[in-house]
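*Asks:* the following block contains a protein sequence and its predicted model.
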Amino acid sequence: MSSPAVRRVLIVGGGIAGTSLALQLQRAGIETEILEKQPVWGATGTGITLMGPALRALQRLGLLDRCLAEGTGFTEMTLFTADGDFLEKVKLHQLLGPNYPAIGGMLRPTLHRIVSEAALDRGVKVRTSASITALRQHASCVEVDLTDGTSDSYDLVVGADGWRSRVRRLLLGPQDPEPYFLGQAVWRVVLDRPAAVTGEFQFYGPGVKAGFTPLGPDRMYMFLVEPDASPVCPEPSRRPARMRELLAPFGGVVAEIRDTITDPEQIDVRPLYAVLLPAPWYRGRVLLVGDAAHATTPQLAMGGAIALEDSLVLSELLASESDLETALSTFMRRRFDRCRMVVENSVQLSEWEKSAAEHGADAARLQNESFAALAAEI
Ligand SMILES: Cc1cc2nc3c(=O)[nH]c(=O)nc-3n(C[C@H](O)[C@H](O)[C@H](O)COP(=O)(O)OP(=O)(O)OC[C@H]3O[C@@H](n4cnc5c(N)ncnc54)[C@H](O)[C@@H]3O)c2cc1C
């Protein structure tokens, strides 16, 4: 058997993409180290929706049953008007067969804990409060300067450092594309789950959308997509009143829940940005994956899924190819069009949401088309 294209890899960023990649590389016998800029390695935020491709990727990582045990799974996605009248059912694919749900929901810190524990068990090294300050490419290695003043060299550096990627900036300089603000923000809060919420529910109001994702038998997270949002998040103390105000156009079950939103600490607000790096996502021995290459808005809830898929495809190629250029160019062929579709369709859904008309039917069609395409093998 030929030897793998790389023996020692540095991953900058210990989020979903970086941690799952480290786990798979280490399993393939490739020595892997993560640099994470935060002092504590973890994830912030409330819940995450795990669409079929995310569940499939987690199964391949060997972590799905644990994720479903600590989160939950379901099979329905239903669209309603702002008053809770039925609009449409979105067709979800049970990619893992009838014994597994089509979609899942769990707390983000729990997902991070499960993936990071698996990576640590496999011997992945993690340095926190750490990043890189410079990259120097050579024919046989890439040298990096680290924020602690030391330098080291690796066969490959992977930038998995999110939508404002420093690795992307160091690699591309003035060609680094600026993420663009969509003019929306997503508000999320974890709440008790009413019995009526049997799956993913989305409510389409004029220019504003809300929804529920179950997290377990008694808990769910509610999201609200704010139009005409500021890129600057409001102070925590102002968030409950502002979120209730934004939910004012909704009736039905959303209105019933509105007044229970009172705890500022529970509310997470994120302005929405997107960026799609044109192919290729690599130069020499430095590659970008996850949000660093394709940060999408959450309208299809697929950003985490395609980050996990990046890790599976890249680790498979790095373990099986003896030539790095072949591995990276094959990675681009397998990943670019799929990730571009997710970013472009998510941005289209965002544009429809912002317009005054109710676009539930168009949204259902585009979601159906996107989910059908993403059911294909990676
Ligand atoms: C509001 C919102 C809701 C979303 N909901 C969903 C959903 O329901 N389902 C879904 O699948 N996707 C969702 N997404 C998308 C998903 O969160 C992202 O696609 C996913 O987190 C990307 O993973 P990543 O590892 O590439 O980046 P990140 O999760 O951003 O991780 C990057 C990591 O790198 C670290 N880092 C950053 N800079 C540096 C540096 N210079 N040096 C070292 N480390 C660094 C960060 O601290 C972080 O740990 C949502 C996104 C948003 C904005």
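*Replies:* Here it is on my side, so go on. Since this is a predicted model, take the numbers as computed values, not measurements.

*Asks:* can you report how many residues neighbour R244?
*Replies:* Other residues near R244 number 14, with proximity taken as other CB atoms under 10 Å. To be clear about C-beta, it is placed using only N, CA and C from the backbone, and glycine gets the same treatment.

*Asks:* in the helix or strand containing it, what counts as buried?
*Replies:* Using DSSP states H and E, R244 sits within helix 239-246. By 16 or more other CB atoms under 10 Å, the buried positions in helix 239-246 come out as 239-240, 242-243, 246.

*Asks:* with respect to N99, which of those is nearest?
*Replies:* M243 (37.7 Å; CB to CB).

*Asks:* tell me who's in contact with that closest one.
*Replies:* 187, 189, 224, 261, 267 (CB atoms under 8 Å, 6 or more residues apart in numbering).

*Asks:* tell me how far it lies from P53.
*Replies:* Relative to P53, M243 is positioned 30 Å away (criterion: CB to CB, to the nearest Å).

*Asks:* and S350, by the same measure?
*Replies:* Taking CB to CB, one finds S350 at 20 Å from P53.

*Asks:* one more: T32?
*Replies:* 23 Å.

*Asks:* who has more neighbours, these two?
*Replies:* Ranked by neighbour count (other CB under 10 Å), T32 and P53 place T32 first, with 28 against 23.

*Asks:* which SS class is that one?
*Replies:* The three-state label given to T32 by DSSP: H, G, I helix; E, B strand; the rest coil is strand.

*Asks:* what helices or strands is the helix or strand hosting S20 leaning on?
*Replies:* Assigned by DSSP H and E, S20 falls within helix 16-27. Contact here means 3 or more CB pairs under 8 Å, 6 or more residues apart in numbering; DSSP states H and E; on that basis helix 16-27 packs against strand 8-12, strand 31-35, helix 108-121, helix 303-320.

*Asks:* hmm, A375 is touching K91, no?
*Replies:* No. The pair A375 / K91 is not scored as a contact, 10.0 Å apart, by CB atoms under 8 Å.

*Asks:* all strands of the stretch 201-350 of the chain, in order?
*Replies:* For the stretch 201-350 of the chain, strands defined by DSSP state E, counting those that start in this stretch occupy the ranges 209-214, 219-226, 268-276, 282-283, 286-288, 295.

*Asks:* same check on the stretch 1-150 of the chain?
*Replies:* 8-12, 31-35, 47-50, 72-74, 77-81, 86-89, 103-107, 125-127, 132-137, 142-146.

*Asks:* make TSV from these and add distance to the ligand to it.
*Replies:* Converted to TSV, those look like this (distance: least, CB to the nearest ligand atom, whole Å):
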stretch	distance to the ligand
strand 8-12	5
strand 31-35	5
strand 47-50	4
strand 72-74	14
strand 77-81	12
strand 86-89	19
strand 103-107	8
strand 125-127	9
strand 132-137	7
strand 142-146	10
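
*Asks:* return the most buried member of those strands.
*Replies:* strand 47-50 (a mean of 26; mean count of other CB atoms under 10 Å).

*Asks:* buried ones in the lengthiest helix in the chain, by neighbour count?
*Replies:* Counting residues, the longest helix found in the chain (DSSP state H) is helix 324-354. Residues 324, 327-331, 334-336, 338-343, 345-350, 352-354 are the ones in helix 324-354 that count as buried (16+ other CB under 10 Å).

*Asks:* enumerate every residue touching the residue nearest the centre of the chain.
*Replies:* Nearest to the mean C-alpha position of the chain, counting by CA atoms, centre = their mean, stands G304 at 2.4 Å. Each residue near G304 by CB under 8 Å, 6+ apart is listed here: 16, 48, 50, 54.

*Asks:* is it possible to get TSV of those that adds pLDDT and distance to Y273?
*Replies:* Formatted as TSV, these follow (pLDDT from 0 to 100; distance: CB to CB, whole Å):
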residue	pLDDT	distance to Y273
I16	97	17
I48	96	18
L50	97	22
A54	98	21
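
*Asks:* tell me which two in the residues you listed are the farthest apart.
*Replies:* I16 and L50 (10.6 Å).

*Asks:* quickly list what's touching both of those two.
*Replies:* Common neighbours of I16 and L50 (CB under 8 Å, 6+ apart) are 111, 304.

*Asks:* around the ligand, pick out the residues from the stretch 151-300 of the chain.
*Replies:* Within the stretch 151-300 of the chain, the positions near the ligand by CB under 6 Å from any ligand atom are 160-162, 166, 186, 270, 290-291, 298.

*Asks:* could you dump the residues you listed to CSV with distance to A5?
*Replies:* What follows is these, written out as CSV (distance: CB to CB, whole Å):
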residue, distance to A5
A160, 18
D161, 22
G162, 25
R166, 24
V186, 38
R270, 36
G290, 20
D291, 24
P298, 34
